[in-house]
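[1] Provide a 3D model corresponding to the input given below.
(chains A, B and C)
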Amino acid sequence: MLHTTIFVLVNGLMYGLLLFLLSSGLTLIFSMMGVLNFAQVSFYMLGAYLGFQLMVWTNYWVALFLAPLLVGLLGAAVERYLLNKVHMRGQVAELLLTFGLSYLILEAVKLAWGVNAVNYGIPRSLDFPIFSIAGVSYPAYNVFMMAVAVAIFILLYLLLKKTRLGIIIQAALGDRDMVGMLGHNIAQIFTLVFGIGCALAGVAGVVGGNILVTEPGMALSLLPITFVVVVIGGMGSFTGALAASLLIGFLQNYMMTLNVSLAGLAGLSMGAHAPFYELLNQPLSQLAAIMPYLLMILILVFRPQGLMGKVKT
Amino acid sequence: MTVLPVDSQRLLRYTGTGAERSGGNVRKRFSGAGRLLYRKEVDEIRFQATVGISAAARKAWPALGRRCRLSLAGVAAAIILALQLMGSAQAAAKVIPVALIDPFSGPFGPVGIAYAQELAFMVKKVNRSGALGRYKLKLVLFDDKVSPAVAQLDAEKAADEGIHYLVQGLGSNVAFALVHWLKKHNRNHPKDKILYLNYASIDPGLSNGDCGFYHFNFDANVNMKMAALVSYIKSQKEIHKVFLINMDYSYGHAVDEAAREMLQRARPDIKIVGDLFTPIGKVKDYTPFVYQIKQSGAQAVITGNWGADMALLGKAAGQARLTGIRFFTFYAGMPGTPQAIGDIGAGRIMQITPWVATVKSSETRLATEFKAEYHTDWYYGSQVYLTGMLAKAIEEAGTDDPTRVALHLEGMHYDSPVGDVYMRADNNAAVMPMYLSILEKGVKPYLQGTDMQWRAVGRIPAISMMLPSSCHMVRPKAAVLYNAYYDNTGQ
Amino acid sequence: MADRAYTRGLSLPQGLGPGAFFVVSLAAAPWVFNSNAALTVLSLMAVAVVFALSYNILFGQTGLLSFGHAVYYGLGAYFTVHALNYFAVSRIPYPVELTPLLGGVAGLFFGFVLGVISVRRAGLGFAMISFGIGILMGSLALILRHWFGGDGGLAGNPAGGTHLFGLTLTSPLEIYYLMAAWCVVCVALIYFFTNTPLGQMATAVRDNSERVEFMGYSPYQIRVRMHTLAGFFAGVAGGMAAITNGIVAPDALGFVLSGEVIIMAYIGGTTIFFGPVIGAVILSFMQIQLSNYTNAWQLYLGLLFVFIVIYAPDGIAGLLKMHAPAMRYRKLHHLLPAYLLVAVPGGVFLLGLVFLVQMGYALHGAQIFLTQSFTFMGLAFDDHSVWTWVIGAAVTAGAFLGARPGVARARCAWERITVEIKAAQALASRADGDTG
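    Sure thing, here's the model as predicted:
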């Protein structure tokens, strides 16, 4: 039992930080620009594929540096030449544009790297068991991933709260025109923000792509969970996104290691023909994976601003 | 335009006997050498036509107006193009179109494309080998996006195009829809029957309750695969506890039920210590389940997972450095899955398949040839004997009539490059020896982008997969008659 | 921004022209496309039309961007199949032809229940909650195998049970005419609905919900009603699909379909009533027909969608509608030369683009048939040669640049006729004033 508790805490933390890593760029772009970037996971996918390719050509550390840079540049170009054009038409138009973009990126990835998963492994230098809980070892790479996630959180926090640029960005979100009048080049700042957001997706791709699977379906399969994190955290709140990631991480791991059903939990015993028999008799461990969606709906109904969001969306 | 009569005159010279010459369709009777000569002839005619037209044009050219010249040039180009098209169409043998209904776009597109490549490769091989005589197979693709409704529509389209052979593999849900569509279609079109060849949908229902005369299954179904697996596990004395983890839909439940039932019968001492289902594609971190597996003390895990769900499970197990636990899988060898799992899967993950690249030289050769052309690994075995058996049936029947071909397919023994295959006549399901293999490093030929390959550790004879079937095969009356005739003449 | 038709509401005569065209083309289509498969495709297009229009009740009219609209479609389809199977064995003489109505009722019920919890906010909040509901229902459909029939779904036979008007629903033609009839009824209902007070208020909520609130209405309640109504028509569409296909599987509730209906509505044009109809026909065509010819169809769809989002926010219908005043004032001939000037290089550009994309897929996409050369429009090209690519790209880029003068001229012509039309309008109104 003690083992299980430790496992839930450690693995929950790890999975939570992975989720935060995946959704940090989305949060940044949403909080700073008000754009819900549907293509964020596509940029994440690009990051993973570029990371894989650069790792084949050079080594992991070069990939970790270069791939996010390339993804960030692409993101900046997208903002500058496409997104900019629909900005005036509001959030829905921007959302739809990125939605269309996700189709294009998917096809491009399939063209460049084929339709099957690629052999993107963790770097040799970090591929050794660092600790183990009850016979389940963890590679050092997972610890590295956690460190990257924490570092991103701290850096973003500092960037937004402590630097001049961060203050301008936040002001621009409030009143774009006024900040422009004050002599700041708003268009450039937005391009920069979008670029950084996409670069973060690139980092997540390079770091997370080998923990998860690097394949063309990865974008679509990660899309829901990253949205859930951002919504539960409160759209546009970093601390919220981190809190939501960890909440989902712990809760899901807890449910997955439990072996009771909803009916069992409530002390019910029911016949096979009772309504919702299948649902209520599912072991919790099996429902764990869809729990975040339920949580998201509940949050949106009862606390639409999310855990830490200030603005109601 | 006097070329055309000359054309047909010359053609007739190569068509053989006078009786045949008087027949309407000249094209059908070409064979072997005649066809070669004919091709040369067409080239010659084409050349002469070009020369003739250009000579005439040179003379008349200056006298014509600009518009006239332009239109003449257009007509000439059209004629040349038409001749070209005619040449290529007439030279071909009689084509038997085969509709391939599978996903080629969307989330399941990759798997569908991988299957289709192997099928296209085999069709090309069969056509080239000349096993079909005057016929040639031709694949026509229909993208069903693994949707039963779209697949039915695709089948309808194929029927409209006069296609009599459907091939489909991805998704038992689609297979059931097609079987129902097929029953309806064949009932309503007694003169235009369609044959459905399923190469990878492995729900046991397809060769039991929903079997049919016009519907053949080429892959071993879930129960057969499980029987093969269990017959191997039976001999592994160190396995006492087994953990089951599957995807939460019909197929996953079929695997789970088969495993529990067959293990209970074969080795009552084995305890099922875990029995889990996960929603398709929703679990990103399998470590909690790996933890449960470890805690349960299981020596073996049986899973029917495929795609990302298989890759993530394999990865999580590898990264956790689980020792002494073997993963028995159905689909860990799917293109991309060993690559996604990586080295850490080596020595842990096993799979049950009808063939392994390292067992026989004929198989290794096939895999190498395929890889040289498509730059990706050969995975499925069923395409090899599906195309082979279809070709053999057509050749033996001497016609492409689906009913006759079906009669030759049922009960067929076929010595394929991947082993002996027998098509049971009582439920139209193929049985073949299966191999249990383990993913290992340093075994050649390497899988694309890795230094691993599957090494066979056990061969399960076909007989252990001859399971009783609940199929009530309804054979068509006319077919029975034909069969009787066929047997009487002793052919 | 083009003027928004909904804000003023379409008056009857204005919709009569397209409406009549729509009905006539629905009735006449089987003469042109008469194979079984083509008729089924047409039936599915009719389904898509109703589905896209039901989506536009939410998006175009009420301003609610939903990412889970397929939920109501799928539930409608499942209820219809359950009803078909029930009526086939029970003694209740409920005609099969009216079962889509039951699907609609199911859609109505779930549209109401889920609407109550989800439409408290519009904008991204609603987008996200509908997304969550869509993902959740998609997963549940696979988990609750008893009711949803697992991944194989449920089959229902529309030929069984009692029938109206002596129909048997055994031939695709009968099914098509039934679908066409349902389609016309639904389109008419949705059309007339846009002019009701509720429809008008929904538009007001979309444009300025605060002002609506000041006027004493509750935007929330209006949204709930619109969501319920959209659920109803989506359910009817699902029911129609169930009858056409005779089968319904969990993909009917899936995210992919929810995404497709957005594309349908948006490509066609969400601000014009008949826009989604155009979008539904185009997307159905690409999905059902084009997908059998090229793996790249989703790339083309994506390109079209992105183009529409950036350059034609009112969709294809918006582009057509833009020309209505020019036509009324007989100024179209001023535009035609410029359009021709764009069309020729523009056509070459599109052809070049398709050529490059197809060649890219042939060379590097997962190719199924390996051929020595790449065939495009009956001609063979060497796709491994750099020169093919360079020349192809050069022609495409050249055509793109070549279209520029035409575009500039078209813009000039537009400015000219806009001024002329304004003048004509001013004159006309003055004349009106004189007589009145």
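[2] mind listing the helices for the stretch 1-150 of chain C?
    C:5-8, C:12-32, C:36-56, C:62, C:70-89, C:99-118, C:123-143, C:145-148 (DSSP state H, counting those that start in this stretch).
[3] return the set of buried residues in the fifth one.
    By neighbour count, and taking 16 or more other CB atoms under 10 Å in any protein chain shown as the criterion, the buried residues in helix C:70-89 are C:70-85, C:87. The C-beta positions use only the backbone N, C-alpha and C, and glycine is treated the same way.
[4] can you check the last one too?
    Neighbour-count burial for helix C:145-148 flags C:R145, C:F148 (criterion: 16+ other CB under 10 Å).
[5] that helix close to chain B?
    Yes. Residues of helix C:145-148 contacting chain B under CB under 8 Å from any CB of the partner chain: C:R145.
[6] do that helix and chain A meet?
    Yes. Using CB under 8 Å from any CB, helix C:145-148 reaches chain A at C:R145, C:H146.
[7] pLDDT (mean, whole number) over that helix?
    Across helix C:145-148, pLDDT averages out at 82.
[8] run a quick neighbour tally on residue 215.
    The chain I'm using is chain A. Neighbours of A:E215 under the rule other CB atoms under 10 Å in any protein chain shown: 30.
[9] the chain in question should be chain B.
    Close neighbours of B:H215, defined as other CB under 10 Å, add up to 24.
[10] ramachandran angles for it?
    phi -140, psi 120 (degrees, to the nearest 10).
[11] quick one, what contacts it?
    With contact set as CB atoms under 8 Å, 6 or more residues apart in numbering or on different chains, B:H215 has these partners: B:V179, B:L182, B:L195, B:Y196, B:N198, B:L206, B:N428.
[12] nearest to chain A, of these?
    Distance ranking of the contacts of B:H215 against chain A, using CB to the nearest CB, places B:N198 first at 22.3 Å.
[13] which pLDDT does the model give residue 117?
    Because you didn't say which chain, this covers chain A. Per-residue pLDDT puts A:A117 at 80.
[14] actually it's chain C I care about, not the one you picked
    C:I117 carries a pLDDT score of 86 in this model.
[15] against chain A, how distant is C:M201?
    20 Å (CB to the nearest CB, to the nearest Å).
[16] tell me which residues of the strand or helix carrying that residue are tucked away?
    Using DSSP states H and E, C:M201 sits within helix C:197-207. Under the neighbour-count criterion of 16+ other CB under 10 Å, helix C:197-207 has C:G199, C:Q200, C:M201, C:A202, C:T203, C:A204, C:V205, C:R206 buried.
[17] give the next helix or strand downstream of it.
    Toward the C-terminus, helix C:197-207 is succeeded by helix C:209-214 as the next helix or strand (DSSP H and E).
[18] restrict the helix holding C:M201 to CA atoms and write it as CSV.
    Extracted in CSV, the C-alpha atoms of helix C:197-207 (Å, rounded to 0.1, in the frame of the first residue of the first chain):
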residue,chain,number,x,y,z
PRO,C,197,-38.8,36.0,-33.7
LEU,C,198,-36.6,33.4,-32.0
GLY,C,199,-34.4,33.1,-35.0
GLN,C,200,-34.1,36.8,-35.2
MET,C,201,-33.3,37.0,-31.5
ALA,C,202,-30.6,34.3,-31.9
THR,C,203,-28.9,36.5,-34.5
ALA,C,204,-29.1,39.4,-32.1
VAL,C,205,-27.5,37.2,-29.4
ARG,C,206,-24.7,36.3,-31.8
ASP,C,207,-24.0,39.9,-32.6
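[19] C-alpha coordinates for stretch B:325-342, CSV please?
    Once non-C-alpha atoms are left out, stretch B:325-342 reads as follows in CSV (Å, rounded to 0.1, in the frame of the first residue of the first chain):
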residue,chain,number,x,y,z
ILE,B,325,7.9,-10.9,-17.8
ARG,B,326,7.1,-11.8,-21.4
PHE,B,327,4.6,-9.9,-23.4
PHE,B,328,2.6,-12.1,-25.8
THR,B,329,1.1,-9.9,-28.4
PHE,B,330,-0.9,-10.2,-31.6
TYR,B,331,0.2,-7.0,-33.3
ALA,B,332,3.6,-5.8,-31.9
GLY,B,333,5.1,-6.4,-35.3
MET,B,334,2.8,-3.9,-37.2
PRO,B,335,4.9,-1.5,-39.3
GLY,B,336,6.1,1.2,-37.0
THR,B,337,5.3,-0.5,-33.7
PRO,B,338,8.8,-2.1,-33.1
GLN,B,339,10.3,1.2,-34.2
ALA,B,340,8.2,3.2,-31.8
ILE,B,341,9.0,0.8,-28.9
GLY,B,342,12.7,0.8,-29.7
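[20] how about it and chain A, touching?
    Yes. Residues of stretch B:325-342 contacting chain A under CB under 8 Å from any CB: B:P335, B:G336, B:T337, B:Q339, B:A340, B:G342.
[21] and those, which of them are buried?
    Of these, these count as buried by 16+ other CB under 10 Å: B:P335, B:G336, B:T337, B:Q339, B:A340, B:G342.
[22] reformat these as CSV; add distance to C:Y55, pLDDT and secondary structure.
    As requested, these are arranged in CSV below (distance: CB to CB, whole Å; pLDDT from 0 to 100; DSSP: H, G, I helix; E, B strand; the rest coil):
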residue, distance to C:Y55, pLDDT, secondary structure
B:P335, 37, 82, coil
B:G336, 35, 82, coil
B:T337, 37, 88, helix
B:Q339, 40, 86, helix
B:A340, 36, 85, helix
B:G342, 43, 84, coil
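[23] with that, I have no additional questions.
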